[in-house]
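Asks: I would like the atomic coordinates for the input below:
(one chain, ligands or ions: 1)
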Amino acid sequence: MIPLCTSEKGVPLARRGRYGLPVDPQTLVKMLAHRPGRLDTIRRLVGGVTATELRRARVDQPTLDALAEGVHDPDSRVRWWCVQLLDHLDDPLALTALTAALGDPVPRVRRNACHALGCLACKPSWDGILPDAATDKLRQLAEADPNAKVRAEADRALGRRRGDAAP
Ligand SMILES: [Zn+2]
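Replies: Alright, predicted model coming up:
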């Protein structure tokens, strides 16, 4: 008999699919494209869905890797959601993936990446230090992105940082 309340082969219970089958993080990331069941998918990936839960979000390495790879997914909905979830993680790999998303072909993905790279509210444990590549790219976007909302969000991210530097 299969125990119902313990993890099997190291797969957390929360990540089990319907009927108890394990679902790998790459598959869950792909599932972010689909609105039905999306909240459940998010919960399985990062352990929560509310702002409060997400501020405490912690993920294991395979999940972090899957989210970081997801910013290069062919489906822009997957890319947008990966940016959205990476916003809650202060890991250097998350920052690298978010920096890559600043070059996304879809404006709303770039805009969300700008938000995440300027956002301390979603990840209070973050020290706020950006990779140099991110600061450079944010400056480029603030000045020259063809989309006004992306320019504004890049400017906001940089402004937050200027604000931090002030006494
Ligand atoms: Zn945020």
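Asks: need the strands for this structure, in chain order.
Replies: Applying DSSP state E to the chain gives no strands.
Asks: what residues does it put near the ion?
Replies: Counting by C-beta under 5 Å from the ion, the positions of the chain adjacent to the ion are 87, 119, 122. For every residue, glycine as well, the C-beta is placed using N, CA and C.
Asks: any idea which of those has the most stuff around it?
Replies: In terms of neighbours by other C-beta atoms under 10 Å, those top out with residue 87 at 23 neighbours.
Asks: quick one: pLDDT of it?
Replies: Per-residue confidence at residue 87 stands at 94 (pLDDT).
Asks: quick one: contacts for it?
Replies: 98, 112, 115-116, 119, 122-123 (C-beta atoms under 8 Å, 6 or more residues apart in numbering).
Asks: from the residues you listed, which ones fall inside helices?
Replies: 98, 112, 115-116 (DSSP state H).
Asks: The contacts of residue 87: which two are farthest apart?
Replies: 112 and 123 (14.2 Å; C-beta to C-beta).
Asks: Look at the two and report which has more neighbours.
Replies: residue 112 (25 against 22).
Asks: residues touching the more buried one, list them.
Replies: Each residue near residue 112 by C-beta under 8 Å, 6+ apart is listed here: 80, 83-84, 87, 101.
Asks: Mind giving me the ChimeraX select for the residues you listed, buried ones only?
Replies: Only the buried entries of those go into this ChimeraX selection, using 16 or more other C-beta atoms under 10 Å:
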select :80,83,84,87,101
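Asks: between the contacts of residue 112, which is closest to the ion?
Replies: residue 87 (4.3 Å; C-beta to the ion).
Asks: Please name the nearest non-neighbouring residue to the closest one.
Replies: residue 116 (3.7 Å; C-beta to C-beta, 6 or more residues apart in numbering).
Asks: ok, residue 131 touching residue 94?
Replies: No. Using C-beta atoms under 8 Å, residue 131 is not in contact with residue 94; the gap is 11.0 Å.
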